[in-house]
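Trainee: Based on what follows, work out the 3D shape:
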Amino acid sequence: MSVKKLYFISRPSPTPGRSPLHGVGGGLFGHYKVDGYISALKKYFDLADLDWVILDDDTEADIEKLISQNATLLVCAPSLRFQFFSNGFDKNRINHLSTMDYALNNINPVVNKIKEICNEK
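Mentor: As a prediction, the model looks like this:
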């Protein structure tokens with residue numbers, strides 16, 4: 001059985017006028033929060049002994065690169081619902097976090113989606 005990949009996307013897809021500093025200034029959507037959420041998911045993966053790995057997106061939300069890297073699930077930080085181009089990727093395998101889930105490191109929405117994916121087929 002192969003390892004499934006979850007990519008955490010915290011920056012919007014490249015578009016004209018997009019600030020390259022999106023989220024750098026801290027605050028609720030700052031990059032420091034990404035590490036906390038990823039750590040919470042990694043801890044769950046370790047405890048549940050799942051064949052999943054979580055990766056911080058290094059493609060600048062390039063959907064073609066994510067597809068070529070065999071992403072199983074994409075988790076988007078709040079505010080990216082309308083700033084992330086998902087053409088060609090199964091929309092049922094994209095989880096857009098709410099502000100509260102992200103701020104409180106509530107991983108339940110992601111865990112539920114993982115369970116749903118694991119129960120397919």
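Trainee: For the closest residue to Ile94 other than its chain neighbours, grab phi and psi.
Mentor: Closest residue in space to Ile94, ignoring its immediate chain neighbours: Leu74 at 4.7 Å, by CB to CB, 6 or more residues apart in numbering. Every C-beta, even on glycine, is put in place using the N, C-alpha and C of the backbone. Leu74 adopts backbone torsions of phi -110, psi 130, taken as degrees, to the nearest 10.
Trainee: Leu74 and Asp49: what is the separation?
Mentor: Distance from Leu74 to Asp49, counting by CB to CB, to the nearest Å: 23 Å.
Trainee: The two: which has the busier surroundings?
Mentor: Each of Leu74 and Asp49 has its neighbours counted (other CB atoms under 10 Å); Leu74 has more, 25 against 6.
Trainee: tell me the contacts of the more buried one?
Mentor: Residues in contact with Leu74 (CB atoms under 8 Å, 6 or more residues apart in numbering) are Leu6, Tyr7, Ile9, Leu66, Ser86, Phe89, Arg93, Ile94, Asn95.
Trainee: top of the residues you listed by neighbour count?
Mentor: Neighbour counts for these, by other CB under 10 Å, peak at Ile9, which reaches 25 neighbours.
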